[in-house]
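*Asks:* Output the structure for:
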Amino acid sequence: MENKEWYFEYEIQKNRPGLLGDISSLLGMLSINIVTINGVDEGRRGMLLLTTDSRNIERFESILRTMDTITVIKLREPKLRDILAVRHGRYIQRDADDKKTFRFVRDELGLLVDFMAELFKQEGHKLIGIRGMPRVGKTESVVAASVCANKRWLFVSSTLLKQTIRSQLIEDEYSDDNLFILDGIVSTRRANERHWQLVREIMRLNSVKVVEHPDVFVQNTEYTLDDFDYIIELRNNPDEEITYEVVEQNDQFAASDFGSFDF
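*Replies:* Next up, the predicted model:
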């Protein structure tokens with residue numbers, strides 16, 4: 001039988017010396033290995049487990065139900081958020097109403113890069129939007145995650161160094177292994193029809209596309225937010241409001257003072 005991973009999370013009800021040791025011993029007697037363990041929230045621990053027999057997980061769960069020192073929160077096949085929570089010691093914040101929206105602050109750039117890298121490693125088409133104010137680290141995080149995922153990134157439109165607007169790709173750039181980065185404001189406010197023909201071609205590729213400022217992007221195109229698989233919000237602090245007036249002023253400044261590339 002093949003090894004199978006499980007995610008186990010519990011909340012401590014009565015903290016006492018040796019509690020973790022007791023749980024570890026119980027897992028050992030059931031031939032369940034602990035891969036990783038970490039605190040994932042106040043009073044909670046998460047574990048990635050490995051076993052060849054799923055029946056041992058069922059036995060483990062039935063024993064846990066009789067214990068009054070802990071409460072089982074999750075015991076399931078691990079999701080991406082579970083793996084990252086154990087790895088980083090905290091859960092990614094998720095919008096309560098829109099389950100595909102994930103929130104980060106600048107202090108969590110390491111967690112954000114790790115999260116995006118895992119998404120980029122997945123095969124097939126994926127459309128990801130990223131919201132945030134200027135100089136919060138959106139583009140830099142996307143590039144860093146591309147490196148972690150061993151992906152080649154291509155700017156289709158951007159203001160990272162100079163304003164870039166591309167209207168064609170060379171042959172080897174039409175690859176499903178490449179990652180395409182678009183700035184929604186630059187593409188919708190300053191690009192020509194040749195650029196949009198290229199954008200539509202890229203959208204049909206079976207690859208990952210990242211769109212900065214997705215709300216502006218969908219206001220001026222045939223695409224909608226429903227077309228996005230994930231929306232990421234990056235703020236300097238949890239209370240920061242993401243507005244597009246400052247973003248658009250910043251884009252105009254970049255275009256007028258520093259010139260642009262159009263190729």
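
*Asks:* quick one, domains of this structure?
*Replies:* If you go by the TED database, the domain ranges for the chain are 4-87, 92-242.

*Asks:* Go through the ones you listed and pick out the most buried.
*Replies:* Highest mean neighbour count of these: domain 92-242, a mean of 17 (counted as mean count of other Cβ atoms under 10 Å). Backbone N, C-alpha and C define where each C-beta goes, glycine included.

*Asks:* pLDDT of that domain, averaged?
*Replies:* Mean per-residue pLDDT for domain 92-242: 92.

*Asks:* got it, and stretch 34-46?
*Replies:* 92.

*Asks:* so how far is that stretch off the chain centroid?
*Replies:* Between the centre of stretch 34-46 and the centre of its chain there are 20 Å (Cα atoms, centre = their mean, to the nearest Å).

*Asks:* Beyond the host helix or strand of L49, next helix or strand please.
*Replies:* Using DSSP states H and E, L49 falls within strand 44-51. The element immediately downstream of strand 44-51 (helix or strand, assigned by DSSP H and E) is helix 54-64.

*Asks:* Return the residues in contact with D183.
*Replies:* 157-159, 211-213, 251 (Cβ atoms under 8 Å, 6 or more residues apart in numbering).

*Asks:* where do the strands sit along the stretch 1-150 of the chain?
*Replies:* Taking DSSP state E, counting those that start in this stretch to define them, one finds strands in the stretch 1-150 of the chain at 4-12, 33-41, 44-51, 70-76, 93-94, 101-105, 126-132.

*Asks:* which other residues reach the last one?
*Replies:* In other words, strand 126-132. The contact list for strand 126-132 (Cβ under 8 Å, 6+ apart) reads 116, 119-120, 138, 141-142, 184, 203, 207-215, 217, 225, 227-235, 242.

*Asks:* among those, which are in helices?
*Replies:* Taking DSSP state H as the definition of helices, the contacts of strand 126-132 contribute 116, 119-120, 138, 141-142, 184, 203, 214-215, 217.

*Asks:* out of those residues, who's nearest E77?
*Replies:* Distance to E77 across these (Cβ to Cβ) is lowest for L119, with 18.1 Å.

*Asks:* And H125, how close does it get to V208?
*Replies:* Plainly put, H125 is 8 Å away from V208 if you go by Cβ to Cβ, to the nearest Å.

*Asks:* cool, G184 as well?
*Replies:* 16 Å.

*Asks:* Then F60?
*Replies:* Applying Cβ to Cβ to F60 and V208 gives a distance of 37 Å.

*Asks:* now swap in I37 and tell me
*Replies:* Separation of I37 from V208 (Cβ to Cβ): 31 Å.

*Asks:* my read: D95 touches R103, true?
*Replies:* Yes - contact criterion Cβ atoms under 8 Å: D95 and R103 qualify, at 6.9 Å.

*Asks:* outside of stretch 16-32, which residues touch it?
*Replies:* Here stretch 16-32 makes contact (Cβ under 8 Å, 6+ apart) with 6, 10, 12, 33-34, 45, 49-53, 56-57, 59-60, 63, 69-70.

*Asks:* ok, now with 7 Å
*Replies:* For stretch 16-32, the surrounding residues in contact (Cβ atoms under 7 Å, 6 or more residues apart in numbering) are 34, 49, 51, 56, 59-60, 63, 69.

*Asks:* do stretch 199-216 as well
*Replies:* Against stretch 199-216 from outside (Cβ under 7 Å, 6+ apart): 120, 124-131, 138-139, 142, 156, 174, 176, 178-185, 187-188, 217, 225, 228, 231, 244, 247.

*Asks:* One more: stretch 228-243?
*Replies:* 100-106, 112, 119, 126-133, 136-138, 214.

*Asks:* CA atoms only for it, dumped as CSV, please.
*Replies:* Presented in CSV, the C-alpha positions along stretch 228-243 are these (Å, rounded to 0.1, in the frame of the first residue of the first chain):
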residue,chain,number,x,y,z
PHE,A,228,-10.5,34.3,-12.1
ASP,A,229,-9.6,31.2,-10.1
TYR,A,230,-8.0,33.1,-7.3
ILE,A,231,-8.0,36.7,-6.1
ILE,A,232,-5.1,37.8,-3.8
GLU,A,233,-5.2,41.0,-1.8
LEU,A,234,-1.9,42.5,-0.5
ARG,A,235,-2.0,45.4,2.0
ASN,A,236,0.6,47.3,4.0
ASN,A,237,-1.6,46.7,7.1
PRO,A,238,-4.9,44.9,7.7
ASP,A,239,-6.9,48.1,7.7
GLU,A,240,-5.6,49.6,4.5
GLU,A,241,-8.2,50.3,1.9
ILE,A,242,-7.3,49.4,-1.7
THR,A,243,-8.3,52.3,-4.0
